[in-house]
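Asker: Sequence first, then the predicted structure, then my questions.
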Amino acid sequence: MKTMRVVQVTKPGGPLELVERETPEPGPGSVRIKVQACGICHSDSLTKEGIWPGILYPRVPGHEVAGIIDAVGAGVAGWAAGQRVGVGWHGGHCGYCDSCRRGDFVTCQIALQIPGITYDGGYAEFMIAPASALALIPAELSAVDAAPLMCAGITTFNSLRNSGARPGDTVAVYGLGGLGHLAVQFAAKMGFRTVAIARGRDKEPLAAKLGAHHYIDSQAQDAAAELNKLGGARVIIATVTSGKAMSAVVGGLGVNGKLIVIGAAEDPLEVNGLLLIMGRRSIVGWPAGMSIDSQDTLSFSVLTGVRPMTEVFPLERAAEAYEHMMSGKVRFRVVLKTEG
Ligand SMILES: [Zn+2]
Ligand SMILES: [Zn+2]
């Protein structure tokens, strides 16, 4: 019997435990991936703490996976052993619901599959994934760099490119953490006048290095007023986890401006209806994207030199790495490296 090491959670709120398991075989339509790296996302707490309804335990978290196809199941076309692939939040779909029939797989209504939630994810030496969830990793990207692009990367890249903002428009990125440090790079490389908003002055040099043209210190300055001095934002990407903080910047949107929520806030947003009406302003959310969007994210990152800033831990230190991510002290994305 071939075995592998995985890091699993056995019950909601339980610890992350390193265990040996039998290495699974890929079923029809699926591949087995030899995991090389897996990013730790704040959403892994949905599995760790049992916040997502209906999780079957034990469960292996992880939806920022980069590795190599190691075995291919029956009926898989277009993928072969040896290819470098990534798997992100969108880990498969039913193929027959109304959303899927419209090609909008990420909003699948019947059987949206999420690695680490609906099936075992990437805190492991091997994992099984449907072929429909795979993104090809370009040779220029290391596994450690590719992994965070599979959730933090695609979510910022894909929300920006579908935001309606055009080159030269003012785009603000609120928050400069795991999501925000990528959003600033993508926004600048897409040709937007890029404004980074974060707490304190200490992150200003980093924001400039990532490509931001302007910096607003949300502690010392009124971010909405500062954005209005720049003519108002066409788009604000909100990566912070406070609804109250998000509410405070809505007034910085220009005409037709859009607040795009990608940080999962625990408290509600409050907004003045008249402000939305008078300038045709809007507030929307954005869920990652499909496997081909992930692949586009990876390609664009190679093309333009966008890279995540990471702190790397070996798989066996997953529990410590997770706590480090949850502490908010990480600069800027934690990645588990599964092999030397
Ligand atoms: Zn994620
Ligand atoms: Zn579906």
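Answerer: Everything's here; your move. Ligands and ions are numbered 1, 2, ... in the order given.

Asker: how about low-confidence regions in the protein?
Answerer: For the chain, the stretches with pLDDT under 70 are 340.

Asker: tell me the helices in it, going along the chain?
Answerer: Here the chain has its helices, by DSSP state H, at 45-48, 98-101, 143-148, 154-161, 180-189, 204-210, 223-229, 243-249, 273-278, 291-304, 318-326.

Asker: Which other helices and strands does the first one contact?
Answerer: The helices and strands touching helix 45-48, judged by 3 or more C-beta pairs under 8 Å, 6 or more residues apart in numbering; DSSP states H and E, number zero. Every residue, glycine included, has its C-beta placed from N, CA and C.

Asker: any residues touching that helix, and which ones?
Answerer: Helix 45-48 is contacted from outside by 9, 13-14, 16, 51-52, 55, 59, 61, 116-117, 121, 322, 326, using C-beta atoms under 8 Å, 6 or more residues apart in numbering.

Asker: Restrict that helix to CA atoms and write it as CSV.
Answerer: Output in CSV follows, covering the C-alpha atoms of helix 45-48 (Å, rounded to 0.1, in the frame of the first residue of the first chain):
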residue,chain,number,x,y,z
SER,A,45,-10.7,28.8,8.4
LEU,A,46,-14.1,27.7,6.9
THR,A,47,-12.9,24.2,7.1
LYS,A,48,-10.7,24.5,10.2
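
Asker: Which single one of the contacts of helix 45-48 is nearest to ligand 2?
Answerer: Ranked by distance to ligand 2 (C-beta to the ion), those are led by residue 117 at 16.0 Å.

Asker: List the contacts of the closest one.
Answerer: By C-beta under 8 Å, 6+ apart, the neighbours of residue 117 are 46-47, 52, 55, 59, 61, 63.

Asker: wait, which of the contacts of helix 45-48 is closest to residue 104?
Answerer: For those, the residue nearest residue 104 by C-beta to C-beta is residue 117; the value is 19.5 Å.

Asker: gap between the closest one and residue 43?
Answerer: Note on residue 117: its distance to residue 43, by C-beta to C-beta, to the nearest Å, is 8 Å.

Asker: One more: residue 170?
Answerer: 29 Å.

Asker: So those two - more neighbours on which side?
Answerer: Taking other C-beta atoms under 10 Å, residue 170 and residue 43 do not tie; residue 170 has more neighbours (24 against 20).

Asker: for that one, what are its contacts?
Answerer: Counting by C-beta under 8 Å, 6+ apart, residue 170 touches 192-193, 195, 227, 230-235, 254.

Asker: Which one (most neighbours) among the residues you listed?
Answerer: Most neighbours among the contacts of residue 170, by other C-beta under 10 Å: residue 233, with 31 neighbours.

Asker: how much space between that residue and residue 276?
Answerer: From residue 233 to residue 276 the distance is 14 Å (C-beta to C-beta).

Asker: before we move on, what about residue 330?
Answerer: From residue 330 to residue 276 the distance is 35 Å (C-beta to C-beta).

Asker: Only the buried residues of stretch 240-259, if you could.
Answerer: Residues of stretch 240-259 classed as buried by neighbour count (16 or more other C-beta atoms under 10 Å): 240-243, 245-254, 257-259.

Asker: cool, and stretch 196-204?
Answerer: Quick answer for stretch 196-204 (16+ other C-beta under 10 Å): 196-198, 203-204.

Asker: What's the end-to-end length of it?
Answerer: The first residue of stretch 196-204 is 8 Å away from its last residue (C-alpha to C-alpha, to the nearest Å).

Asker: Distance from the chain centre to that stretch, please.
Answerer: Counting by C-alpha atoms, centre = their mean, to the nearest Å, stretch 196-204 is centred 22 Å from the centre of its parent chain.

Asker: Quick check: the residue of the stretch 151-300 of the chain nearest ligand 1.
Answerer: residue 151 (3.2 Å).

Asker: List the contacts of that residue.
Answerer: With C-beta under 8 Å, 6+ apart, residue 151 has these contacts: 39, 41, 43, 63-64, 88-89, 288.

Asker: What is the neighbour count of residue 178?
Answerer: Neighbour number of residue 178 under other C-beta under 10 Å is 29.

Asker: Who are the contact partners of the residue of the stretch 151-300 of the chain found nearest ligand 2?
Answerer: Going by C-beta to the ion, ligand 2 is nearest to residue 290 of the stretch 151-300 of the chain, at 11.7 Å. For residue 290, the contact set (C-beta under 8 Å, 6+ apart) comprises 90, 105-106.

Asker: let's see 10 Å
Answerer: Taking C-beta atoms under 10 Å, 6 or more residues apart in numbering, we find residue 290 in contact with 88-90, 93, 103-106, 132-133, 135, 154, 158, 296.

Asker: Flag every buried residue along stretch 273-287.
Answerer: For stretch 273-287, by 16+ other C-beta under 10 Å, it's 276, 281, 283, 286.

Asker: distance between stretch 249-259 and the chain's centre?
Answerer: For stretch 249-259, the distance to the chain centre is 23 Å (C-alpha atoms, centre = their mean).
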